[in-house]
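Chemist: Sharing a sequence plus its predicted fold:
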Amino acid sequence: MRLTITLLLFFCVFFSTKIKACSVIYYVDTISGKIFIANNEDYWYDTKAYIRITPRTTKQFARLWYGWDNFAQGGINEVGLFFDGAVTPEDKIPDGYGRPIGNLGDDILANCSTIKKAIDYLEKKKVALTNAHLMFGDSTGNAVVVEWVEGERKLNWISDNKLIMTNFLLSDTVKGNYPCYRYNLIQDNIEDLQQSQEEATLRTVGNILAKAVQLPVSDKTGKIGGTLYSTFIDITNMEFMLVYKLDNTKITKLDLKEEFQKLKKRKIKLE
């Protein structure tokens, strides 16, 4: 699959203050019913990112996650539960809750099979995020973005076969980072796809997200940031692809059905 990268001239003005930006979409095709996920991870280009694949055990699911520093930024497990996160404005969390300890994403993928169980896991561990929200989706066509606003948990469920997450709180847009051109661009293009009556593929959904990438730019110190990687998942067929640093010669493609049958843990360095 070749992705078309579209230049957005206005992205770089505020890039240095939004280096941790992210764009995620969960989409259920209205024609075939297939489920697709796409994500842009916008971060510093010197980050040592990688893919980690862990086999199943008698008590835990096989899973794949992508991230760095032994922390999952997003991923999927063998039963089709997906998650990803994005930075948001700071807000209050419920009393008695705190930041995650350890590798939260890996723990959820290892132990949870559905969105409900993932949400219940957060409640059991008393985990809440002060400056981020989480998207969960599964193989049933259901998805939700979990947020914590003014000390309360908010659940934003999929509507009209799509759920989009960038860097503003869906539950309270006045908190900041709104309006978001990336969110609006993705939403408009998904609506165009739906109206076209064209059957969606991983390529068409991927190209929609490609229009919201952030091209590399240097800050005042010369440090380069932009879309570090983009991930694309066909949950229905369990296919995974990652494009590194917007370079179509640096693509990792994986058949997740095969990967999750393997018995050894694997780490794929992105370079």
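Modeler: Cool, the structure landed. Numbering: from 1, shown residues only.
Chemist: for the closest residue to V79 other than its chain neighbours, what are its contacts?
Modeler: Closest residue to V79 apart from its sequence neighbours, by CB to CB, 6 or more residues apart in numbering: S113 at 4.8 Å. Heads up, the C-betas are built off the backbone N, CA and C, glycines and all. Applying CB atoms under 8 Å, 6 or more residues apart in numbering, we find S113 in contact with F61, N77, V79, L81, D138.
Chemist: Distance check, the fourth one against I93.
Modeler: When you say that, I think you mean L81. 23 Å (CB to CB, to the nearest Å).
Chemist: which other helices and strands contact the host helix or strand of N184?
Modeler: Assigned by DSSP states H and E, N184 belongs to helix 181-196. Counting contacts by 3 or more CB pairs under 8 Å, 6 or more residues apart in numbering; DSSP states H and E, helix 181-196 packs against strand 22-28, strand 162-165, helix 202-210.
Chemist: Any regions of the stretch 1-150 of the chain where pLDDT drops low?
Modeler: 1-20 (pLDDT under 70).
Chemist: Helices of the stretch 101-250 of the chain, start to end?
Modeler: 104-111, 115-124, 181-196, 202-210 (DSSP state H, counting those that start in this stretch).
Chemist: and G75, bridged to which residues?
Modeler: W65, F83 (DSSP bridges).
Chemist: Looks like it contacts D106 (just checking).
Modeler: Yes: using CB atoms under 8 Å, G75 is in contact with D106, at 7.4 Å.
Chemist: and for those two, which residues touch both?
Modeler: Joint contacts of G75 and D106 (CB under 8 Å, 6+ apart) are R63, W65.
Chemist: Which residue of these two possesses the greater neighbour count?
Modeler: G75 (25 against 20; other CB atoms under 10 Å).
Chemist: what residue is smack in the middle of this structure?
Modeler: Nearest residue to the geometric centre of the chain (CA atoms, centre = their mean): D84, 3.6 Å.
Chemist: and the residue lying closest to that residue once chain neighbours are set aside, what does it touch?
Modeler: Closest residue to D84 apart from its sequence neighbours, by CB to CB, 6+ apart: G74 at 3.5 Å. By CB under 8 Å, 6+ apart, the residues touching G74 are V24, N39, E41, W65, Y66, G67, F82, F83, D84, G85, G105, T231.
Chemist: can you pull up the bridge partners for the last one?
Modeler: When bridges are assigned using DSSP bridges, the partners listed for T231 are N39, L242.
Chemist: Right, I'll call it a day here.
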